[in-house]
Each structure stands twice: as structure tokens, then as C-alpha cells.
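> The following comprises the amino acid sequence and a computationally predicted model.
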There are 2 protein chains.
Amino acid sequence: MRKASSPGTASGATVHEVARVAGVSAATVSRFLNGTAKVSDEKRKAIESVIDKLNYKPNVLAQNLKTGSSRTIGVLTQSLVSGYFADAMAGIDDVLQGTGYAPLIVSGHWHADEEAERVELLIARRVDGLVILSGKLKDAQILKLAQRVPIVAFGRKLDGPQAYGFSLDNYWGACEAVEHLILQGHRQIAFIAGPPDHQDAQARLAGYRDTLKKHKIKESAQLLVDGDFSESGGLLAVERLLESGRRFSAIFAANDLTAYGARLALYRRGIRVPDDISVVGFDDLHSSMYTTPPLTTVRQPLFDVGRCLGKAIVRMIGQEPLDLEVPQLSLMVRESVRRIP
Amino acid sequence: MRKASSPGTASGATVHEVARVAGVSAATVSRFLNGTAKVSDEKRKAIESVIDKLNYKPNVLAQNLKTGSSRTIGVLTQSLVSGYFADAMAGIDDVLQGTGYAPLIVSGHWHADEEAERVELLIARRVDGLVILSGKLKDAQILKLAQRVPIVAFGRKLDGPQAYGFSLDNYWGACEAVEHLILQGHRQIAFIAGPPDHQDAQARLAGYRDTLKKHKIKESAQLLVDGDFSESGGLLAVERLLESGRRFSAIFAANDLTAYGARLALYRRGIRVPDDISVVGFDDLHSSMYTTPPLTTVRQPLFDVGRCLGKAIVRMIGQEPLDLEVPQLSLMVRESVRRIP
DNA sequence: TTGAAAGCGATACCAG
DNA sequence: CTGGTATCGCTTTCAA
């Protein structure tokens, strides 16, 4: 019976074959491969030549078993189709390049149970580290998970032996946005909120409120409407806003998607942006540069966040100091806000 | 005394420990776990109870080595941040759920060399199958790769022993779009092309041309401008179009991003859509439902494509017949096209 | 520096 | 039905 290729792979040689042909021991080949110890020039050459004669590639599966590590980083995102998370994943992917780690991406769909389940899957696959992008898991759960695997999280402050998390200053960002509106002469500023149970959404709401207060502008219940971080939420919100009859000159949407929906609702009613109503968003998705008009919004540097997370997890795994520069929010002034004389 | 976890993992028990405690052999435990053979009720119970007393989880790494399979599907995409590809990945992820396969995603960034390199990485990690989303690899290269691992591809027709690929009928889609425009009374239809070396872009261009011809509308060189599938390309294209002085009542953009850019260029010049100029896109990205006005476009059902690819690769790995229902393009009529009397 | 040999943890063949 | 045992391919003591 042929030993032949088991289903699929046109496998290659093994360390032993390489060793045999090169006239050395498997151990030496391994040492050469990993630079674990010095190998004499003579043997080194022999090994090198045999390796590429046989086109030898080490079997990662065997390495994994032996070392107990999969050279894999688990990434828990909330949505595969969100431009927001996509940017962060691209950043992670970018820094992981060339480190020997590959990202294993799963999505929790903003559902704590699902997240927990996916994380277990990741751990079962022996990921060496975990990056958690937002989500509904409790900090306590994450800290507990961190006893089993190093974790870096975005969207929550965390600091433990094997856990680290940071978020951007959403409160500050919201303040900036509202300040900008006020500086441009707006006083009647509506706010379309995000999901009430979402930390970032809460911070943005607080920023809105406090900035109004700071400028002695009275908050109006009618100008504060619910949204859900989606376009349809923004659309509905503006309809409600308009129906209320309450006047306003600007809308601050809790995120860009909401702003898109709001913008469409305005368009439907023939209300011009920014001539009649100004709009500000939050996130700075790629498309926000190309909406009509281009959207003024608070930029979340998600790609850099991703890079930062990637670096962090690799360092944490390597037991090195994290030593991070967390990227910051910034206001992108474009054309969706009008100056009121 | 505990076995003192090796670096990192709070590992668990092994089959052997389970076997010992349950008073059976490791082989039996394995058989029970995999349902490879019948196990007496008595032993089954013993094993079950020990398993959850010890909270035993099989070590995937060991399984991988032994079985030679990583239960992983490599996915080669071209961009992690493109809504287009993201949808497909979500579809793949969706069908893979519960199959025991996890997707390992890498990006080739539309660069043949990079794609080839990433694919090698994937193969080195012993993926059981490969899904290739578009890209610049030659069909021949893919067929060759397919000798080493089963491959399913999107964006090219392929049919080999271990390879299968399909694309959607971009030509047909483009015809539909242009037909629609013509049916609405448009005769001067501009086309913003995609990258000339991109298959889909070529098909869309051909569809545009042939449909014009079919309706005896003379093609004008001035109405045919270059683009690159990006917003900025669309923006530039419209500027050139406008400068040419040639009149036109509609623009067919080779994809939605291009349409976004075109739309902004129009906006900048104070040209209304669809009142002055109608616009049609291709892809139907999520945001296209919320542009102002909502974009009429040819829908690519990428999520379903992803599901289809996922199913295909799993079946191919399992040596089952593929038996696929390839999803189809469809025209989404929204509000960016005006009827000309 | 180098080699022999002992596993990593699970699976599967071969007897019984 | 069940147990013993070899094995997957590599890494890593331990001695030399």
C-alpha cells in the first residue's frame, strides 16, 4: 500500500529526511531552522542545500503540537461587514504581517452569548492571544478569560496581568463636535443618540449634554431622539424630529451611519444640507468623504487602533512591556455644517 | 499537585487521563468522542461523566497533527476594508458556522505576487481548502495550486479536479443597467470605466457598448471615460466629462464607489441628480440605499456568493458533488434615474 | 557543536 | 466491542 499523500496535501519531506540526506541529525536541522543553537558552517551548508533540493517546509501542525502554540491571534469583532470594524481588522492584519502570527477572525454580532461561544472556539483552537473589539461581554468575564489567554481589548478600559484594554475619548469627541456647531453659530442642536446600553453612545450623549450646558444652552427633550447606530435609525429619528415641530438648525448624529440616514430623511423632505440644516457625524467612515455634502465628523482612527491592538497583543504574548501610543480622535471639518451669521 | 500548565494555557486533561480515570483505554475514549465505533453503554457513561468532571477538551493541535488537517479554510480576499469583499466574507463565515471549519483570512491587495505569497502562507498552515475572491492570479496558477489544495474561486470560471470557480454575469448586469436608462428615455449615456485589466470591468464596458449598439445609439469617445473603481476616480472622471463639453443626460458608473465620486463631482458643480443627470452604479453596496438620492444600481448578491463559495469548498473537501445554485445579479431601481419624456 | 531519544496528545490499526 | 501500540513531524533535554 502506498503511503502516498493523505487526502489533499502534496506534503513534502520531513526533518528526518532532510537530516538523513544532509548527513546530520534531525535535531541539528531543527536547530538550524530555528536558530536555537550554533550549527557548524559545513553542516549549515549541507542542510541549506538539501532543504531547497527537497523543497522542505516544516509542518506547522507538528510545530504547533510540540510548542503548544498555534501562532495565531484570535480576533473577536462584532460585524464582518461594518466599515468601522473592518478598518480595525485591517490595522491588526497590517501589524501582524511578518510576525508569524495570523489572525483568526470571528464575529460576535453584538451578542454576549455568541461572543462567549466564539471566544471559546478561539481558545479551543489554541490561539496565542485574543483581541476583542467592543462587544457586550462584561469586563469581569474578560478578566476571567484572561487567565487562560492574553487579551487586548478595544472599547473598554482594562488593566490586568494578562489583559489590557483602552478606548478612545468619545466624550471628548462629542464635545468637540458640539463645540464646533456652537462656534458656527448653532444653538438649536438636535442629537440622535445611539443604543442606550452602548458605552460609546453614552459618552457621546454626555458630551452633547455637557457642552450644551457649558454654553448655557438649554437642553430640549424634543431635540434628543433615539437612534440605533444604523441608517434606518437615523432616518426615523429625523422624521420624528421634524414631526415634533421643534425648530433646530443642526443635527449631531451619534455615528456616521445615523448621519447618512438623517441626511436621506432631510433630502426626502427637500431640506438642504447644510443650507437649511447642518449635520455632524461620528466615526469618519470612508464614504463620509464622499457623501453630498462631505460629512463633518469626528474621526476615529480605527486602522491605527487596529495596529495598536496588534502590537499590544504580540508584545503581551512575548511578555514585553506594551508601551503603546494610543491614537486620538479628531474633528474632520468638511462641508455639512453651515456658519450661521 | 496539578500538572502545572505549560506556558500560557490552563490546559486540561488528555485522553489518557480521561481514560485512566474512567477505567477504559484511550482508544475507547477517542472512539466515543468521534463516534468512530460503538462503545458499550456502561463505558460511555463512565467516560461522559469523567469528561465533564475533568472538563476535558480535546487538544485541537494534536488532532490536527494526527489527522493532517487543520479544519481551516483559507480565504484570500483583496481588501479587508471593502464593503464588497466584506459581504462575501460574511457569507463564507455564515455557512462555515457549525461545520467545524474556521476561515483564515488574508488579503492580497490586488497584487499577484502578494496573493501568491499569502496563499503559500495559507498552505503552509495546512488549510483544508482555499477560497479565492477575485484577484490577479492567473487561472493557470490557480489550477496548479489546486493540485495541492482544493480551491473555489469567485470572479473567474474554473473547472478542474480540485478547482471550481464562477463569476456573475457582469455583462448581463451592465446591459440591464443601460437598458433601464434607455427605457427611461436616455440616449446620451456616459460610462465611467473600471480598471482596464479587470475582468468584471471589461464585461461591464462590453455590456454598455453592446446595449448602445443594440439600440442604434452611436457611441461617443467623449462619453467613455476612465475610472479605477474608486470614488476619487469617479470624481475625476466626471470633471473630465464636464470639461469635454459633450452633453449627456446619464452616467453609468462601473461600480458604486465610482458612482459616489461621480455624484459628489456633480454636486460640486451644482448639477442635480436625477433632475439634471441620472446616475446608475454597479454592486449595490449597503450605503447605496442611503445616498442622496438612493442609487439605482446592479445588485451583486455578495453575501449569497459567499455562502455559495463556503458550501462549495466544504463539499469539495468532503468529496461531495458541489451542486450549487449560483446567485444572480439584479437591477435595483431606486431614485437616481429620471425618466426623460 | 552534535546526536539519540523522549515525548506533545490524539487517532487508528491490529489482535483478541 | 475493546485495549495495546505505533505514529503524525517536530522540538528539546541529556549526554557525549
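Nice, I can see it.

> Any idea how many residues pack against A:Arg209?
16 (other CB atoms under 10 Å in any protein chain shown). C-beta: built from backbone N, CA, C; applies to glycine.

> I figured it hits A:Glu219, correct?
Yes - using CB atoms under 8 Å, A:Arg209 is in contact with A:Glu219, at 6.1 Å.

> I'd like the mean pLDDT over the one helix or strand A:Ala153 maps to, please.
In this structure, A:Ala153 is located in strand A:151-154 according to DSSP states H and E. In this model, strand A:151-154 has an average pLDDT of 98.

> Please identify the buried residues of that strand?
A:Ile151, A:Val152, A:Ala153, A:Phe154 (16 or more other CB atoms under 10 Å in any protein chain shown).

> Dump these into TSV; add distance to DNA strand C as well.
Shown next, in TSV, are the buried residues of strand A:151-154 (distance: CB to the nearest atom of the strand, whole Å):
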residue	distance to DNA strand C
A:Ile151	22
A:Val152	26
A:Ala153	28
A:Phe154	32
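
> Just the closest of those to chain B, please.
A:Ile151 (12.1 Å; CB to the nearest CB).

> OK, contacts around that closest one?
A:Ile151 makes contact with A:Gly129, A:Leu130, A:Val131, A:Ile132, A:Ile142, A:Leu145, A:Leu158, A:Gln162, A:Ala163, A:Tyr164, A:Gly165, A:Ile313 under the criterion CB atoms under 8 Å, 6 or more residues apart in numbering or on different chains.

> and it, bridged to which residues?
A:Leu130, A:Ala163 (DSSP bridges).

> What is the neighbour count of the residue in the stretch 101-250 of chain A positioned nearest to DNA strand C?
When scored by CB to the nearest atom of the strand, the stretch 101-250 of chain A has A:Arg126 as its residue closest to DNA strand C, at 10.0 Å. For A:Arg126, the neighbour count with other CB under 10 Å is 23.

> got the contact list for the closest residue to A:Tyr164 other than its chain neighbours?
Distances taken as CB to CB, 6 or more residues apart in numbering or on different chains place A:Val152 nearest to A:Tyr164, at 5.3 Å, with adjacent residues excluded. When contacts are counted by CB under 8 Å, 6+ apart, A:Val152 touches A:Gly129, A:Leu130, A:Val131, A:Ile132, A:Ala163, A:Tyr164, A:Gly165, A:Leu309, A:Ala312, A:Ile313, A:Met316.

> If we use 7 Å, what do you get?
Contacts were defined as CB atoms under 7 Å, 6 or more residues apart in numbering or on different chains; by that measure A:Val152 touches A:Val131, A:Tyr164, A:Gly165, A:Leu309, A:Ala312, A:Ile313, A:Met316.

> ok, now A:Ile123?
Per CB under 7 Å, 6+ apart, neighbours of A:Ile123: A:Arg148, A:Val149.

> Let's see that with 6 Å instead.
A:Val149 (CB atoms under 6 Å, 6 or more residues apart in numbering or on different chains).

> And it, how far from DNA strand D?
21 Å (CB to the nearest atom of the strand, to the nearest Å).

> is it true that that residue lies in a helix?
Yes - A:Ile123: assigned to a helix according to DSSP: H, G, I helix; E, B strand; the rest coil.

> And for the strand or helix carrying A:Gly207, what's in contact with it?
Per DSSP H and E: A:Gly207 is located in helix A:199-214. Contacts to helix A:199-214, defined as CB under 6 Å, 6+ apart, come from residues A:Asn170, A:Tyr171, A:Ala174, A:Cys175, A:Val178, A:Glu179, A:Phe191, A:Ala193, A:Gly194, A:Pro195, A:Glu219, A:Ala254.

> one step back: out of the contacts of A:Val152, which are inside strands?
Mapping the contacts of A:Val152 onto strands (DSSP state E) picks out A:Val131, A:Tyr164, A:Gly165.

> Is it possible to get JSON lines of the residues you listed that adds pLDDT?
Formatted as JSON lines, the ones in strands among the contacts of A:Val152 follow (pLDDT from 0 to 100):
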{"residue": "A:Val131", "pLDDT": "98"}
{"residue": "A:Tyr164", "pLDDT": "98"}
{"residue": "A:Gly165", "pLDDT": "98"}
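
> For those, pick the one with the most neighbours.
A:Val131 (26 neighbours).

> quick one: it and A:Leu309 touch, right?
Yes - shown here, A:Val131 and A:Leu309 form a contact pair, counting by CB atoms under 6 Å, at 5.0 Å.

> tell me which parts of the stretch 101-250 of chain A are close to chain B?
Within the stretch 101-250 of chain A, the positions near chain B by CB under 6 Å from any CB of the partner chain are A:Ile105, A:Ala124, A:Arg125, A:Arg126, A:Arg148, A:Glu231.

> Show me how chain A divides into domains.
A:15-67, A:72-168+A:302-327, A:170-299 (automatic domain parsing).

> Adding distance to B:Ala265, write the ones you listed out as a markdown table.
Putting the domains of chain A into a markdown table (distance: least, CB to CB, whole Å) gives the following:
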| stretch | distance to B:Ala265 |
| --- | --- |
| domain A:15-67 | 49 |
| domain A:72-168+A:302-327 | 22 |
| domain A:170-299 | 10 |
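
> List the contacts of the residue nearest to the spatial centre of chain A.
For chain A, the residue nearest the mean C-alpha position is A:Ala88 (3.3 Å; CA atoms, centre = their mean). Neighbouring residues of A:Ala88 by CB under 6 Å, 6+ apart: A:Leu133, A:Leu302, A:Val305, A:Gly306.

> mind redoing it with 10 Å?
The contact partners of A:Ala88, by CB atoms under 10 Å, 6 or more residues apart in numbering or on different chains, come to A:75, A:77, A:82, A:131, A:133-134, A:154-155, A:300-310, B:80-81.

> Inside helices: which ones of those residues?
A:Leu302, A:Phe303, A:Asp304, A:Val305, A:Gly306, A:Arg307, A:Cys308, A:Leu309, A:Gly310 (DSSP state H).

> which among those residues gets closest to chain B?
Using CB to the nearest CB, A:Phe303 comes nearest to chain B of these, at 8.1 Å.

> was I right about that closest one contacting A:Ile92?
Yes - in terms of CB atoms under 10 Å, A:Phe303 counts as a neighbour of A:Ile92; the distance is 9.4 Å.
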